[in-house]
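> sharing a sequence plus its predicted fold:
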Amino acid sequence: MQQNSKKKICIIVDSLSIGGSEKQAAGFSNSLYKAGFDVAIICLKDEITYSYKGKLYNLGLRESPIKIIKQVRKFFAFKKAYTACNATVYIDFRIRSRTFMERLLHRFVFQSEKMIMMIHSFETSWHIPKGDFFKKTYNNTKAIVAVSKGIEEKLIEEYGFTNTVHIPNYSVATEKTQATTTTFPENYIVAVGRLENDIKQFDRLIETYKASNLAEKNIQLLILGDGNDKELLQHLIEKLALTSHVKLMGFVENVSEYVKNAKYLVLSSRVEGFPMVLIEALKQQTPVISFDCKSGPSEIIEDKINGLLVEDQNFVKLKDAMILLVENLELYTKCKQNTVSSMKKFTEKPIIQQWIHLINT
């Protein structure tokens, strides 16, 4: 504790609301605080709903409606907050796809030897802008942290990075909350994520559900989350005459309760990083079904042990898996019994020790 308290850690985020990596960043601040670090957070948007610890620099307050003025002001506010933090280590959780802005930050704000660059998705271009400048710059940072083994392999093979570290996301113990008065359907499966069909493919999931026999068995599909494709998805549900069986629940506060009461959780993404929704489902003793997409699911799911791992992007096999985990009671019971034990390695204590080692190295 005494050693850690001498070190100040600054977490840089786009927001502290809605997204999976944003939730992970907020939980990470709590973990670092408990471990004795002095914590600060630079947040670009005034979107704060997750619980966090540390001094917050909210750069989203009082923004100009004029885009260029907003961007210039935010750059200088960022530089001021970065300097004021005077941290030992800065851990960058942001989406970093704007080449010009990232060049400015690396040339005039960031101190490379203090930077840890987080890579949360197998779509690495979201976090690493194109060009040799960024390959060289990232290779000179303190570390590049990949949340899955698949991402780390890609960083080494495609970018030639020599400073990569694999540290997975983790589940933290949640405080007990008052029992909710939510009424859940008697039988349902659940999917969770931003309503963005290009990535999460909820439109294809709804079509797959339609092709299955789950509606006939009175097993509903609940989709939790908000996003740009909500209206398109609602139209699709109506077109397929599934309004009584498929529900878009929007953003819900008690996601864990919905997951806990579900028969299983299904993930139909085109690409991932290290999907925490799978970890959180297993934590709630809920089996999971997922495509073996790049990357993460194969590092979490043991096929027919704690869930089903489906050939990547094979929606026919996804349909079959959704039916199998309903009709094969013996398999379902086995998967359910193995949920909690299978995710123990992704809990706070072992993962935060890896972080402490990296920070103190």
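Perfect, thanks for sending it. Numbering: from 1, shown residues only.

> spatially nearest residue to I156 (excluding sequence neighbours)?
T164 (6.0 Å; Cβ to Cβ, 6 or more residues apart in numbering). Every residue, glycine included, has its C-beta placed from N, CA and C.

> and the one you found, how far is that from S244?
Using Cβ to Cβ, to the nearest Å, T164 is found at 49 Å from S244.

> neighbour-wise, which of those two wins?
T164 (20 against 10; other Cβ atoms under 10 Å).

> dig out what that one forms beta bridges with.
T164 forms beta bridges with I144, as assigned by DSSP bridges.

> quick check, I144 in contact with K135.
No. Here I144 does not reach K135: they are 10.8 Å apart, not a contact under Cβ atoms under 8 Å.

> the more surrounded of those two?
Neighbours around I144 and K135, counted as other Cβ under 10 Å, are more numerous at I144. The numbers are 25 against 16.

> where do the helices sit along the stretch 201-350 of the chain?
Secondary structure of the stretch 201-350 of the chain (DSSP state H, counting those that start in this stretch): helices at 202-211, 230-239, 255-261, 276-283, 297-300, 315-327, 329-337, 339-342, 348-360.

> relative to N306, which of those is closest?
Checking those against N306 by Cβ to Cβ gives helix 339-342 as the closest, at 4.2 Å.

> what's that closest one packed up against?
If contacts are counted by 3 or more Cβ pairs under 8 Å, 6 or more residues apart in numbering; DSSP states H and E, helix 339-342 sits against helix 276-283.

> if we use 6 Å, what do you get?
Contacts defined by 3 or more Cβ pairs under 6 Å, 6 or more residues apart in numbering; DSSP states H and E place helix 339-342 against no helix or strand at all.

> buried ones in that helix, by neighbour count?
Of all the residues in helix 339-342, those buried under the rule 16 or more other Cβ atoms under 10 Å are 339, 342.

> I'd like to know the average pLDDT value across that helix.
In this model, helix 339-342 has an average pLDDT of 94.

> ditto for stretch 72-91
96.

> now swap in stretch 157-164 and tell me
The pLDDT scores in stretch 157-164 average 97.

> could you do stretch 101-112 as well?
Stretch 101-112 carries an average pLDDT of 96.

> then stretch 9-26?
On average, stretch 9-26 scores 91.

> got the contact list for the helix or strand that contains A40?
Here A40 sits within strand 38-43, counting by DSSP states H and E. With contacts defined as Cβ atoms under 6 Å, 6 or more residues apart in numbering, strand 38-43 is touched by 8-13, 16, 29, 32-33, 53-58, 81, 85.

> sitting in helices, which of the residues you listed do you find?
Cross-referencing the contacts of strand 38-43 against helices under DSSP state H gives 29, 32-33, 81, 85.

> export the helices of the stretch 201-350 of the chain to CSV and tack on distance to L267?
Putting those into CSV (distance: least, Cβ to Cβ, whole Å) gives the following:
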stretch, distance to L267
helix 202-211, 9
helix 230-239, 16
helix 255-261, 12
helix 276-283, 6
helix 297-300, 7
helix 315-327, 10
helix 329-337, 15
helix 339-342, 15
helix 348-360, 21
